[in-house]
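Student: Have a look at this fold, sequence not included:
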């Protein structure tokens, strides 16, 4: 259950990330779908705490560098991402596709880190984004490593929304695919969430918790070259394991 004030504050930050320009109070209220009075109270609080400033009178508000500075400090203390990020960047350079580290969290897949491909046409994602379990190669790779009871717990609240004609729309279909993943050692999403998009993933055990390393991009590049792409994924996962043990 969301806390309304917290959700609205996060919506405000994301709104600035989308627009990347100062916005007056009226525009902020419209963008948030919030009453002017509530938006004014939120803005005044963030100004008082040093997170927003008024660029000039009636010209709009914009975030200060404080948010960036605090985020950088938090990120620097992450127990896994400092270990994984160089390997993600190296994997991206090797395959020239977008690569991600993800895990299952609260009924969905959470992307913890993303390194975007440099190609003009590529899969676009950001850290912190969530994806449904039934269309995610990350979820399949992790589910394949779990005991049946743990799978049932993970899928208790799963929704099987159809996104394409290849979407797995039942629990039985998803579990059958997960069994195939368990047998072959890697997972795929070939056009199940977006037509002509393919994701490949391998599971990764970090400190007794299952994560997955994933790459995604146009099907004609990712799926048709899956053998070499999977080899690169496995090499990166093994390198991360060695880094952690070292």
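Tutor: It's in. Source: prediction; values computed, not measured.
Student: Follow the chain on from the worst-scoring helix or strand of the chain on mean pLDDT and name the next helix or strand.
Tutor: Lowest mean confidence among the helices and strands of the chain (mean pLDDT, DSSP states H and E): helix 66-76, at a mean of 80. The C-terminal neighbour of helix 66-76 among helices and strands, as given by DSSP states H and E, is helix 81-95.
Student: buried residues in that following helix?
Tutor: 84, 87-88, 90-92, 94-95 (16 or more other CB atoms under 10 Å). In this view, the C-beta of every residue, glycine as well, is placed from N, C-alpha and C.
Student: so can I have CSV of the residues you listed showing distance to residue 59 and pLDDT?
Tutor: What follows is the buried residues of helix 81-95, written out as CSV (distance: CB to CB, whole Å; pLDDT from 0 to 100):
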residue, distance to residue 59, pLDDT
84, 41, 85
87, 44, 92
88, 39, 93
90, 44, 94
91, 44, 95
92, 39, 95
94, 46, 94
95, 45, 94
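Student: for stretch 110-120, which positions count as buried?
Tutor: If you call a residue buried by 16+ other CB under 10 Å, then stretch 110-120 has these buried ones: 110-115, 117.
Student: Which parts of the chain are strands?
Tutor: Ranges of strands within the chain are 52-54, 61-63, 98-105, 108-115, 130-131, 187-190, 197-206, 209-218, based on DSSP state E.
Student: Would you convert the ones you listed into CSV that also reports mean pLDDT and distance to residue 124?
Tutor: Shown next, in CSV, are the strands of the chain (pLDDT from 0 to 100; distance: least, CB to CB, whole Å):
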stretch, mean pLDDT, distance to residue 124
strand 52-54, 88, 27
strand 61-63, 90, 22
strand 98-105, 93, 7
strand 108-115, 92, 9
strand 130-131, 92, 13
strand 187-190, 97, 16
strand 197-206, 94, 11
strand 209-218, 94, 10
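Student: domain parsing for this structure?
Tutor: Using automatic domain parsing, the domains assigned to the chain come out as 4-70, 78-245.
Student: In the protein, where is pLDDT below threshold?
Tutor: Residue ranges of the chain with pLDDT under 70: 1-2, 79, 246.
Student: max-length helix in it?
Tutor: If you go by DSSP state H, the chain has its longest helix at helix 226-245.
Student: residues in contact with that one?
Tutor: Helix 226-245 is touched from outside by 83-84, 87-88, 90-91, 94-95, 97, 99, 186, 188, 200-207, 213-215, 222, with contacts defined as CB atoms under 8 Å, 6 or more residues apart in numbering.
Student: ok, now how distant is the most far-flung residue of the chain relative to its centre from residue 24?
Tutor: Computed with CA atoms, centre = their mean, the residue of the chain farthest from its C-alpha average is residue 57, at 37.6 Å. According to CB to CB, to the nearest Å, residue 57 stands 11 Å off from residue 24.
Student: Residue 87 now?
Tutor: Using CB to CB, residue 87 is found at 44 Å from residue 24.
Student: Also residue 170?
Tutor: Distance of residue 170 to residue 24, computed by CB to CB: 49 Å.
Student: between the two, who's got more neighbours?
Tutor: Taking other CB atoms under 10 Å, residue 170 and residue 24 do not tie; residue 24 has more neighbours (13 against 10).
Student: what residues are up against the closest residue to that one other than its chain neighbours?
Tutor: Excluding its sequence neighbours, the residue lying closest to residue 24 (CB to CB, 6 or more residues apart in numbering) is residue 60, at 4.6 Å. Counting by CB under 8 Å, 6+ apart, residue 60 makes contact with 21-24, 27, 54.
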